[in-house]
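**Q** Requesting a structural model of the entry that follows:
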Amino acid sequence: MSADGRVTLGVLLDSLGAEAVTALCLPSGRQTLVGAPVIYGSDEPMIAFDGALLLVTGKPEAALLERAASAGVAAVVVRGGLGDPAPLVETARSTGVALLAAAPGLSWGQLYALVDALLAVVAPAADLGGVQAADLFALANQVATRVGGAVAIEDLAMRVLAYSTVGGQQIDELRREGILGRRVPEHPTHPEEYAAVLRSEEAVWSYEPREYLPRLAIAVRARGEALGTIWVVQADTPLEPDAAAVLAEAAKTAAPHLARISLAADEARRTRDEWLGWLLRGVGPVGELATSFGLHPDEPVAVVAIGTREAEPRTAQSTPRRTDIFAATHAGDLLRTAYAAYRIRAAVGAVDGRAYAIVAAGSTAPLLRRITADTLGQITDRLGGEWRAGIGRTVGSVAQTPISARQAGEALRAMCGPFAGGEVGGHEELSAALFLLDVAGSMKTRPALLGEPLSLVVQHDAKHGTDYVHSLRVWLAAHYDVPRAAETLSLHPNTLRYRLRRIGELIALDDPDVRLVLALQLRLGQVRASGTNSGE
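**A** Numbering: from 1, shown residues only. Here you go, the predicted model:
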C-alpha cells in the first residue's frame with residue numbers, strides 16, 4: 001500500500017475522501033505510487049519531480065501534463081469545477097500521468113497539509129511488524145460504517161492521524177477544522193473532556209463544546225499506557241446500540257498502529273531536533289547535517305526563531321518547561337509543513353523550547369515573511385498566546401549558522417518586547433528596539449529612570465496640578481513641532497509655547513542632551529508603567 005515514503009493513489013483517494021479530492025483519470029490504476037505533494041504554479045519552470053503529487057494552481061493546459069510526465073510526476077491535481085476537463089483527461093490518458101480534481105472549497109495549502117499528514121502516518125510505519133499504518137484509515141471507515149457516525153483517530157497531542165470518509169455521514173466545524181489543520185482546534189473545554197476520556201477504561205460521551213455535535217470517545221492503550229483516542233460524531237440519527245462495544249474493539253485494533261507510529265515519529269523528531277541544535281550551535285559534522293536537511297553546506301542561510309511574548313525570560317542555563325517544549329514542537333511541525341508547501345528549503349524543528357528554521361537564503365524574501373506570518377496565525381489559533389518570529393541576517397554558509405541563530409534570538413527578543421510592532425521582524429531592522437531593550441534592562445536596578453531631569457517636571461505636576469509631562473511627551477513625539485503638538489493637545493500653539501517656557505524654567509530644555517535623556521525617560525517610563533514584557 002506504500003513504499004519509500006509513498007502511498008498508492010487508492011490509499012490517497014480513500015483516505016482523503018471525495019470531499020477533498022476525486023479521480024478524473026487513472027491511466028495506471030489505483031496502485032500507482034505517489035510521493036510528496038508540491039504546490040506548483042502553471043507558469044513556473046518544470047523541474048524533476050520524481051513520483052510527486054503536483055498541486056497545480058491556476059488554470060492548467062494540456063501541455064503542462066506532458067511536461068509533468070517528462071519530469072517524472074506521478075499525479076497532477078487541478079482545481080475542480082474550472083471548466084471542461086475532457087482535454088486534460090485525454091492528455092493524462094496518453095501521457096500516463098494520473099489526473100485528480102481538488103474540491104473547489106479546499107485551499108491548496110489545506111490539501112497539501114492533508115496529503116503531508118497522510119504520508120506522515122502511512123508511509124513511515126507501513127511495514128512495521130506486519131501492521132499496515134494505512135489500515136488506520138480503513139479502521140476509521142469500518143467503525144464509522146458499523147456505528148453510524150463519522151470517526152477520527154487522534155494521538156495524545158490531539159493530532160488527527162486518520163478519519164473516516166463514509167459518504168453521507170455528517171460532521172461539524174470542529175471535526176472539519178481538525179482534519180484540515182491536522183490537529184483539533186483549541187477550546188476551553190477540551191482539557192477536561194480529553195481527561196475524562198483518558199481516565200475511563202470504557203467509551204464515554206462528550207457533550208462539550210455545546211455548540212458542536214455530541215461525541216462518543218474511547219482511549220487507545222497498550223500495556224496500560226494511553227496512546228491516543230477514537231472519537232465518533234453522533235449527528236441527527238443516534239449511533240448504533242453496540243457503538244461502545246465497537247469502539248472498545250477498535251481501540252484494541254488501533255493500539256499497535258499508534259504505538260509504532262508514536263515510536264517512529266518521536267524517534268525521528270528527537271533525532272531531527274538534536275541535529276538542528278547542533279547546526280544552531282555550530283557543532284558536529286556540518287556538511288553531513290546540512291545535507292540531511294536538504295541544504296547545501298556552502299550556500300547562504302538565515303535563521304528564523306519563533307516564540308511567544310508570554311514566555312518566561314530565557315537564559316543559557318534555563319530549562320524549558322514541558323508546556324514550552326510541546327508548543328515549540330507543534331509550532332515547528334506547522335512551520336515545516338508551511339515552508340515545504342511553498343518549496344522553501346529549510347531545516348525546521350524545536351530546540352530548547354523554541355521553534356527554529358535554518359532557511360536557504362534564496363527563500364529569504366517577502367514570501368518567507370508572509371508564510372511565516374501566516375503560520376504564526378495558525379499557531380496562535382491552535383495554541384493561544386501571542387507568537388512572534390525573529391529572522392537573523394543572512395550568513396555565507398551553513399557553518400556560520402550560529403551567527404544568524406544568535407541574531408534571530410535577539411530579533412525575537414525585540415519582537416516580543418514593547419519597542420517593536422508586527423509579528424515578524426529581521427535583525428537588521430530592529431537595532432533601535434534592541435538598543436532600547438538593553439537600556440531598559442540596565443536601568444531596572446538604577447534610579448536614573450526616575451531621576452532628573454524628568455523627576456523635576458513630575459514633582460511640579462504633582463504640586464501645582466499642571467500637566468507638563470504629557471505636554472512634553474506629545475511635543476517630543478512631534479519632533480519639537482509646536483503647531484503639530486498643539487493640535488494633538490487641542491491647544492493654541494501660543495499656549496503650548498508658554499508651557500514650554502515654564503518647563504524651561506525647571507530644566508534646561510534647550511540642551512540637546514537634556515532632550516535626549518527626557519525622551520528616553522519618557523519612553524522607558526511609559527513601558528514600565530504599562531508592565532509590558534520586555535522580552536528579555
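
**Q** Which strand or helix spans Val517?
**A** Val517 belongs to helix 512-530 when assigned by DSSP states H and E.

**Q** now Arg272
**A** helix 243-281.

**Q** Quick check: mean pLDDT of that helix?
**A** What helix 243-281 shows for mean pLDDT is 83.

**Q** Now do the buried residues in it.
**A** Judged by neighbour count (16 or more other C-beta atoms under 10 Å), helix 243-281 contains these buried residues: 243-244, 246-247, 250-251, 253-262, 265, 272-273, 275-280. Every C-beta, even on glycine, is put in place using the N, C-alpha and C of the backbone.

**Q** Now do the same contact list for Gly392.
**A** Taking C-beta atoms under 8 Å, 6 or more residues apart in numbering, we find Gly392 in contact with 302-305, 403-409, 411, 426-427.

**Q** Next, the buried residues of the helix or strand that contains Ala92.
**A** Assessed by DSSP H and E, Ala92 sits inside helix 86-95. When neighbours are counted by 16+ other C-beta under 10 Å, the buried residues of helix 86-95 are found to be Leu88, Val89, Thr91, Ala92, Arg93, Thr95.

**Q** The first one and Leu54, how far apart?
**A** Distance check for Leu88 against Leu54: by C-beta to C-beta, to the nearest Å, it reads 13 Å.

**Q** cool, and the third one?
**A** Applying C-beta to C-beta, the value for Thr91 to Leu54 is 14 Å.

**Q** same check, this time on the last one
**A** To Leu54, Thr95 is 13 Å away according to C-beta to C-beta.

**Q** quick one: stretch 272-289 to chain centroid distance?
**A** Centre-to-centre, stretch 272-289 and its host chain are 22 Å apart (C-alpha atoms, centre = their mean, to the nearest Å).

**Q** And for stretch 397-405?
**A** Using C-alpha atoms, centre = their mean, the distance from the centre of stretch 397-405 to the centre of the chain it belongs to is 23 Å.

**Q** Strands along the stretch 301-450 of the chain, start to end?
**A** Ranges of strands in the stretch 301-450 of the chain, per DSSP state E, counting those that start in this stretch, are 301-308, 346-351, 354-360, 387-391, 424-426.

**Q** who touches the shortest one?
**A** Same thing as strand 424-426. Taking C-beta under 8 Å, 6+ apart as the criterion, the residues outside strand 424-426 that touch it are 369, 372-373, 376, 388-393, 411, 414-415, 433.

**Q** Spatially nearest residue to Pro300, not counting backbone neighbours?
**A** Closest residue in space to Pro300, ignoring its immediate chain neighbours: Ala361 at 3.5 Å, by C-beta to C-beta, 6 or more residues apart in numbering.

**Q** Who are the contact partners of that neighbour?
**A** By C-beta under 8 Å, 6+ apart, the residues touching Ala361 are Glu299, Pro300, Val301, Ala302, Thr394.

**Q** quick one: Ala217 is in a strand?
**A** Yes. Secondary structure of Ala217 (DSSP: H, G, I helix; E, B strand; the rest coil): part of a strand.

**Q** roughly how far apart are it and Glu240?
**A** Counting by C-beta to C-beta, the gap from Ala217 to Glu240 is 16 Å.

**Q** what does Tyr112 give?
**A** As for Tyr112, its distance to Glu240 is 36 Å (criterion: C-beta to C-beta).

**Q** Give me the more crowded residue out of the two.
**A** Ranked by neighbour count (other C-beta atoms under 10 Å), Tyr112 and Glu240 place Tyr112 first, with 22 against 15.

**Q** how big is the angle separating the helix or strand where the more buried one lies from helix 243-281?
**A** With elements delineated by DSSP H and E, Tyr112 resides in helix 108-122, which encompasses its position. Calculated by axes from the mean of the first three to the mean of the last three C-alpha atoms, to 10 degrees, helix 108-122 forms an angle of 100 degrees with helix 243-281.

**Q** Can you show me the strands along the stretch 1-150 of the chain?
**A** Listed in chain order, the strands of the stretch 1-150 of the chain (DSSP E, counting those that start in this stretch) span 2-3, 6-8, 21-25, 33-34, 37-41, 53-57, 75-79, 98-102.

**Q** for these, which one sits closest to Asp381?
**A** The stretch from the strands of the stretch 1-150 of the chain with the least distance to Asp381 (C-beta to C-beta) is strand 37-41; that distance is 21.3 Å.

**Q** same for the closest one, what does it pack against?
**A** The elements that strand 37-41 packs onto, with contact taken as 3 or more C-beta pairs under 8 Å, 6 or more residues apart in numbering; DSSP states H and E, are strand 53-57, helix 108-122.

**Q** can you pull the buried residues of it?
**A** Applying a neighbour-count criterion of 16+ other C-beta under 10 Å, one finds Pro37, Val38, Ile39, Tyr40 buried in strand 37-41.

**Q** just curious, which of those is nearest to Asp513?
**A** Within the set of the buried residues of strand 37-41, Ile39 lies nearest Asp513; the separation is 55.9 Å, counting by C-beta to C-beta.

**Q** thinking again about what came up before, for the helix holding Ala92, what does the pLDDT average out to?
**A** Confidence over helix 86-95 (mean pLDDT, whole number) is 93.

**Q** Quick check: which helices or strands does it pack against?
**A** Here helix 86-95 touches strand 21-25, helix 62-70, strand 98-102, going by 3+ C-beta pairs under 8 Å, 6+ apart.

**Q** Residues contacting the second one, please?
**A** What that stands for is helix 62-70. Here helix 62-70 has contacts from 42, 46, 49, 54, 56, 76, 87-88, 90-92, 95-97, 99, using C-beta under 8 Å, 6+ apart.

**Q** Just give me the closest of those to Val474.
**A** Minimum separation from Val474 among the contacts of helix 62-70 (C-beta to C-beta) is found for Ser42, which lies at 54.1 Å.

**Q** Give me the pLDDT for that closest one.
**A** Predicted confidence (pLDDT) for Ser42: 68.

**Q** before we move on, what about Ala529?
**A** The predicted local distance difference test score for Ala529 is 54.

**Q** Kindly reformat the helices and strands packed on strand 37-41 as JSON lines containing mean pLDDT and distance to Gly332.
**A** As requested, the helices and strands packed on strand 37-41 are exported to JSON lines (pLDDT from 0 to 100; distance: least, C-beta to C-beta, whole Å):
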{"stretch": "strand 53-57", "mean pLDDT": "90", "distance to Gly332": "23"}
{"stretch": "helix 108-122", "mean pLDDT": "76", "distance to Gly332": "14"}
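
**Q** Cys25 is nearest to which of these?
**A** When the helices and strands packed on strand 37-41 are compared by C-beta to C-beta, strand 53-57 sits nearest Cys25, at 14.2 Å.

**Q** angle of the closest one against helix 108-122?
**A** Going by the same axes, to 10 degrees, strand 53-57 makes 170 degrees with helix 108-122.

**Q** pLDDT below threshold where in this structure?
**A** Regions of the chain meeting the criterion pLDDT under 70 cover residues 1-5, 42-43, 120-134, 181-182, 262-268, 310-323, 362-364, 442-450, 525-536.

**Q** State the number of residues packed around His470.
**A** 12.

**Q** So it versus Ser490, what's the distance?
**A** With C-beta to C-beta as the criterion, His470 and Ser490 are 12 Å apart.

**Q** repeat for Gly282
**A** Remark: distance between Gly282 and Ser490 (C-beta to C-beta) = 57 Å.

**Q** who has more neighbours, the two?
**A** Under the neighbour definition other C-beta under 10 Å, Gly282 and Ser490 were set side by side, and Gly282 has more, 14 against 7.

**Q** isn't the more buried one right up against Val398?
**A** No. Taking C-beta atoms under 8 Å as the contact criterion, Gly282 and Val398 are not neighbours in contact, 9.5 Å apart.

**Q** Kindly export the helix or strand encompassing Leu500 (C-alpha atoms) in PDB.
**A** Assessed by DSSP H and E, Leu500 sits inside helix 493-504. Extracted C-alpha coordinates of helix 493-504, given in PDB (Å, rounded to 0.1, in the frame of the first residue of the first chain):
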ATOM      1  CA  PRO A 493       0.300  77.000  19.700                       C
ATOM      2  CA  ASN A 494       1.000  80.000  21.900                       C
ATOM      3  CA  THR A 495      -0.400  78.200  24.900                       C
ATOM      4  CA  LEU A 496       2.000  75.300  24.300                       C
ATOM      5  CA  ARG A 497       4.900  77.700  23.800                       C
ATOM      6  CA  TYR A 498       4.000  79.300  27.100                       C
ATOM      7  CA  ARG A 499       4.100  75.800  28.800                       C
ATOM      8  CA  LEU A 500       7.400  75.000  27.300                       C
ATOM      9  CA  ARG A 501       8.900  78.300  28.600                       C
ATOM     10  CA  ARG A 502       7.600  77.400  32.100                       C
ATOM     11  CA  ILE A 503       9.100  73.900  31.800                       C
ATOM     12  CA  GLY A 504      12.400  75.600  30.600                       C
END
